[in-house]
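[1] build me a model:
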Amino acid sequence: MNAQPHPVKPTRILTRRQFVGRTAWSAAAFLVVPSSVLGLRGQTSPNSKLNLAGVGAAGQGASDLASIQRVSEENIVALCDVDWRHAAGSFRRYPNAKPYKDYRKMLDEVKEIDAIVVATPDHHHAFAAIEGLKRGKHVYCEKPLTHSVWEARQLGQAARAAKRATQMGNQGQASEETRRLCELVWAGAIGPVTEAHIWTDRPSQGLFNEYWPQGVPRPKETPPVPDTLDWDLWLGPAPERPYNPIYCPFRWRGWWDFGTGALGDIGCHSMDPVFRALKLGDTAPSSVQASSTRVNEETFPLGSMVTYRFPARPAEVQPINYHVQGQTGPAAGAVPMPPVKVVWYDGGLRPPRPEGLEDEQVMGDNGRLLIGEKGFLLGNRIYPESRRREFQDPPRTIPRVRDHYLEWIEACKGGKPAGSNFDWAAPLAEAVLLGNVALRVQLRQDLTRYALLWDPANLKFTNLEKANQFVKREYRAGWTL
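    Numbers count the residues shown, from 1 in each chain. Presented below is the predicted three-dimensional model:
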């Protein structure tokens, strides 16, 4: 139950009996108490340590926990993963953490948990995060936050009701590059922006360097389930199907039932700076339309292009999400925010080369292009050269942060809301995941003729009723939100 950047070699199998035989974590249970016992009413003292639990303990989950420990050493009191062979490295690294396979059971039994880090496959994100919020836990959840548009709305509402510290795992939101892009756009570096183009080489990079399979049918082979994997728990809310190693531990991302494709994987990273710079955080797209290579009912296409259209935003709107840190950023209203077209490309597709780009400048396999009335930004570089020479760099007016993970830890301890808290992240995820609805094979013929018109208030498309079945998915018996 984890996101894994690359397959790893099998490690020594650790059985539950071996874990139970250890006495370290049982003794440690008497040394670690929840903050509520200390009279902190759910808030943790800035000088105390949080009691953290990992949901998805290998791959990205292991990386998240290590990153947290690097910037702010906390207590890791429990670890949950459905594949104990794959998570063995984390179990060894945190020997005092109680091991579990079911995060619901872990949250029921380990009362001292203050916060959880969710790094499961996408189809478990909303379930694990909401289970934590319902129990009063702070939640860090990997991108794309949820598997469906409807889940993103539910998770955002649950976070507001729980009033816990939250953060989505789009680490670049805390970067200097993201803040500088906003400062350039808000200062009028290229004038009002009318188009944004974002592209990635995923799901594949070159002929033999594949991230995960897409555009393939369901395998017919049904090999036995490894004895260290709880396949039923791995499936969770997804429809039942036979086990195959093509799905896990990592290559689940391209399958409709489990992942969210290249758009879900990278969109919440690379669209985040654009949404901040163009003040789109409180503005839902009015329409979405997609084209792609051949797609089927099992996996996402090999390459796709998704076009979102957003209405104009008030020029004086406060810069989204930086105001939660008590700042207003540069002069709001200096640059109009007209209607804007945002185009996503994956599978190696990319936009046409803009006129005025220097001959030696390459677009790259992954990139971002903003087109304004006075020029364009490729990454954070202003074009054409004449505009770059005449434009005076704006001052650094947006507050900087030390680290994405530290932001969340400090928020858990009563500090300012984190930069990608769910008030920001849930609407971003909704917009990103709308693109996947437009990629559904069941809608392809209709969508070659017109775009899907979106009604965000009612969470539905207004011009194609059958598209609404993909806003929310059906869950397997025993799983509900």
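
[2] so residue 248 touches residue 234, yeah?
    Yes - if you go by C-beta atoms under 8 Å, residue 248 and residue 234 touch, sitting 6.1 Å apart. Using the backbone N, CA and C atoms, a C-beta is placed for each residue, glycine as well.

[3] shared neighbours, the two?
    83, 121 (C-beta atoms under 8 Å, 6 or more residues apart in numbering).

[4] which one's more surrounded, these two?
    The residue with more neighbours, out of residue 248 and residue 234, is residue 234; 25 against 22, by other C-beta atoms under 10 Å.

[5] wait, a strand at residue 133?
    No - read with DSSP: H, G, I helix; E, B strand; the rest coil, residue 133 is helix and lies in no strand.

[6] any figure for the gap between it and residue 107?
    10 Å (C-beta to C-beta, to the nearest Å).

[7] any idea how far the spatially most central residue of the chain is from residue 425?
    Centroid-nearest residue in the chain: residue 143, 1.3 Å away (criterion: C-alpha atoms, centre = their mean). From residue 143 over to residue 425 the distance is 8 Å, taken as C-beta to C-beta.

[8] what of residue 289?
    For residue 289, the distance to residue 425 - C-beta to C-beta - is 24 Å.

[9] likewise residue 348?
    27 Å.

[10] which residues are common contacts for residue 143 and residue 425?
    168, 170, 268.

[11] how far does stretch 79-89 sit from the chain's center?
    Stretch 79-89 sits 22 Å away from the centroid of its parent chain (C-alpha atoms, centre = their mean, to the nearest Å).

[12] what's the span of it from first residue to last?
    11 Å (C-alpha to C-alpha, to the nearest Å).

[13] let's number from 686 now, not from 1
    Noted, 686 is the first residue going forward, which turns the last one into stretch 764-774.

[14] near residue 814, how many other residues are there?
    30.

[15] for the chain, give me the ranges with low pLDDT.
    686-732, 889-895, 1003-1018 (pLDDT under 70).

[16] gap between residue 1115 and residue 995?
    Residue 1115 is 13 Å from residue 995, by C-beta to C-beta.

[17] more neighbours, these two?
    Shown here are residue 1115 and residue 995; by other C-beta under 10 Å, residue 1115 has more neighbours (25 against 22).

[18] for stretch 898-908, buried residues please.
    For stretch 898-908, burial by neighbour count (16 or more other C-beta atoms under 10 Å) applies to 898, 899, 900.

[19] nearest to residue 848 among the residues you listed?
    Taking C-beta to C-beta as the measure, residue 899 is the one of those closest to residue 848, at 39.0 Å.

[20] so how far does stretch 991-1000 reach from one end to the other?
    Stretch 991-1000: ends 26 Å apart by C-alpha to C-alpha.

[21] typo on my end, stretch 855-873
    Rule used - C-alpha to C-alpha; the end-to-end distance of stretch 855-873 is 26 Å.

[22] and stretch 750-761, by the same measure?
    Start-to-end, stretch 750-761 (C-alpha to C-alpha) is 8 Å.
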